[in-house]
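**Q** Any chance you can model this:
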Amino acid sequence: MRWARERGSMDANAVTTVGSNMKQVALPNGVRLAYEMLGDAAAPKRAVLVHSLAMDHTFWRPVAERLAREAAVLIYDCRGHGTSDKRPGPYTVELFAADLAALLDAVGWRTALVAGASMGGGVTLAFAAAHPQRVTALGLVDTTAWYGAEAPQQWAERAARALKSGLGAMVDFQVTRWFSDAFRAQHPDVVRQAVDVFLRNDLPVYAASCRMLGACDLRAALPTIAAPTAILVGEEDYATPLAMADALRRDIRGASLTVLKGARHLTPLERPDQVAAALAPLL
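**A** Residues are numbered from 1 along each chain as shown. A predicted model of the protein is given here:
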């Protein structure tokens, strides 16, 4: 795999190296985001992938490596996640979308395919609403525009549980929602890596991110989306079930919906071949 070279308006003094392939850039708002670029930066095809709650850029690497055979692919840690700045909340998906716009400016990208999973799908929708001219296509994976009328209370309760008992107490519940029974049995290494990322989260930041999702309501933006859109959902996704994916399909003109048989909530990790295959035509 050949790693892309960034080009454009980035100030070299604002960029630091934080790993073998990871860099961190200071955005105009002062937040530092960590990112990784895969593929050939000269490629005309470009994609940026936004990760799920409590994950980091590695969440998308299996899919990114597949797409990078023909495109430049940007994966990054949202604020509060991974090795990006962990500033206290409150957060909104619109704030995360503004971070994404600034990151694309920093690497010199005007437009890209933008795809997000779960929390990242909310960020993707907020980005498309605020910057429609910068979106060549959308990928919405295991996500929703709105978690429902009870969402503020439900997500606040999850935040409170994490603050009281710690993330370790939530692992068993999380992994059964993330991955199907068969996948957990056959790929314990992938499950373990996801759990390790989850446990490294900062508790107050995780709680702020939960409350952000509880407040997220992007339904009004859906009919305004004109970009080609692929929606994917795991057949057994209990976190953002098929009904939520179908609501996206219904309200976004021309959107396609793919149901991944037997998969659950983190399909970019459970079914990277199928997710990459669905996104590749949008490049």
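
**Q** Surely L269 and F59 touch.
**A** Yes - taking Cβ atoms under 8 Å as the definition, L269 is a contact partner of F59 at 6.6 Å. In this view, the C-beta of every residue, glycine as well, is placed from N, C-alpha and C.

**Q** tell me which strands and helices the helix or strand of the chain with the lowest mean pLDDT is in contact with?
**A** The weakest-scoring helix or strand in the chain, judged by mean pLDDT, DSSP states H and E, is strand 15-17 (a mean of 82). Counting contacts by 3 or more Cβ pairs under 8 Å, 6 or more residues apart in numbering; DSSP states H and E, strand 15-17 packs against strand 22-26.

**Q** Mind giving me the packing neighbours of the strand it packs on?
**A** Checking 3+ Cβ pairs under 8 Å, 6+ apart, strand 22-26 ends up next to strand 15-17, strand 32-38.

**Q** hmm, back to that, what touches both of L269 and F59?
**A** Shared contacts of L269 and F59 (Cβ atoms under 8 Å, 6 or more residues apart in numbering): A194.

**Q** roughly how far apart are R184 and D142?
**A** Taking Cβ to Cβ, to the nearest Å as the measure, R184 falls 17 Å from D142.

**Q** do the same with A245
**A** Relative to D142, and taking Cβ to Cβ, A245 is found at 8 Å.

**Q** Settle it for me: which of those two has more neighbours?
**A** D142 (31 against 25; other Cβ atoms under 10 Å).

**Q** which stretches of the stretch 1-150 of the chain form helices?
**A** All helices of the stretch 1-150 of the chain, identified by DSSP state H, counting those that start in this stretch, fall at 61-67, 93-106, 119-130.

**Q** so which of those helices is the most packed in?
**A** helix 119-130 (a mean of 26; mean count of other Cβ atoms under 10 Å).
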